[in-house]
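Visitor: Generate a structure from the sequence data that follows.
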Amino acid sequence: MSHSLNKLVNFNRALASNNDLISGEVEIVGAGCGQLDLMTIKAARIVSQAEALVYDSLVSSDILSLVSVDCQRHFVGKRCGQPSYKQDDINALLAKLALQGLKVVRLKGGDPHIFGRGAEESLYLAKLGITSRFTAGITAALGCASTTGIPLTYRGTARSVTLVTGTKFDQSPTHWKGLLEAESTLVFYMGKEQATAISAGLMAVNADAKLPVAFVTNGGRPNQLITYANVCNMAEQATLIKDSGPTLIIIGEVVAVGQELATLLADIKANPQPMAEVVNG
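Guide: Prediction:
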């Protein structure tokens, strides 16, 4: 374990209280977007105290290193196109562990309440008389906005943000027109495989063919990859992304803002100027 990780674990334990985890209850925790340092202190503390951990594919090895050696680990990850656990089985596993009197942590990538099915699991447990509590996590849209420099809102350009699941969505023109007319940045989770349908849906309601698009693969991780496109060619660009990691799609003029910032920062790095010259300009 790295020195910085040791410091974080010790800090979490120093802050720990006896009431963080209660036997027979389930803590539904957001692991954040990618790396350990995008996880909240509270979430890290709770994970370090777990007696049984039920976790997803998007939880990194750094985060898992917080878990006690005595903790039961149950991997229930779901990945597109691959065999995976059914939600009913995950619900039943959480109930079984809680009824054994264990301190159970359900650990999810991002935030449990944003395409995380945390509420479904909590309702299932409550119907069996099992209490659950939530700890927020940094969702992918926020994490990718910070690591790419793409703002989700921008004065005079985008007044709101719309988060959309890319796995199943309404294909009707009314749906796409509503998204387009919202003057909103569109963020599609798990949408790479649906890039053709997304492009076609937006173009069918007269979206600007040159509307900027960014595919962010492995957002918030050291191997993050950004692929730029436009609405008219995003389907083709999606096929060029060979990395199988999770990919978020950001659509809107804010992408161009992020690109401009990236270009300026690259120029500064390539041609650094003495501070006096910058100030005296």
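Visitor: CA only for contacts and neighbour counts going forward, please
Guide: Noted.
Visitor: As a check, name the ranges of all strands in the stretch 101-250 of the chain.
Guide: For the stretch 101-250 of the chain, the strands defined by DSSP state E, counting those that start in this stretch occupy 104-108, 132-135, 160-165, 184-189, 212-217, 225-230, 247-251.
Visitor: Could I get those in JSON lines, plus columns for mean pLDDT, mean neighbour count and distance to Tyr154?
Guide: Below are the strands of the stretch 101-250 of the chain laid out as JSON lines (pLDDT from 0 to 100; neighbours: other Cα atoms under 10 Å; distance: least, Cα to Cα, whole Å):
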{"stretch": "strand 104-108", "mean pLDDT": "97", "mean neighbour count": "28", "distance to Tyr154": "29"}
{"stretch": "strand 132-135", "mean pLDDT": "96", "mean neighbour count": "18", "distance to Tyr154": "29"}
{"stretch": "strand 160-165", "mean pLDDT": "92", "mean neighbour count": "15", "distance to Tyr154": "9"}
{"stretch": "strand 184-189", "mean pLDDT": "94", "mean neighbour count": "23", "distance to Tyr154": "9"}
{"stretch": "strand 212-217", "mean pLDDT": "97", "mean neighbour count": "25", "distance to Tyr154": "14"}
{"stretch": "strand 225-230", "mean pLDDT": "96", "mean neighbour count": "18", "distance to Tyr154": "19"}
{"stretch": "strand 247-251", "mean pLDDT": "96", "mean neighbour count": "24", "distance to Tyr154": "13"}
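Visitor: Need those strands in a markdown table (columns: distance to Ala119).
Guide: Shown next, in a markdown table, are the strands of the stretch 101-250 of the chain (distance: least, Cα to Cα, whole Å):
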| stretch | distance to Ala119 |
| --- | --- |
| strand 104-108 | 12 |
| strand 132-135 | 9 |
| strand 160-165 | 16 |
| strand 184-189 | 18 |
| strand 212-217 | 26 |
| strand 225-230 | 31 |
| strand 247-251 | 22 |
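Visitor: Compare the ones you listed and report which one is nearest to Glu25.
Guide: Each of the strands of the stretch 101-250 of the chain has some distance to Glu25 by Cα to Cα; the shortest is strand 132-135, at 5.6 Å.
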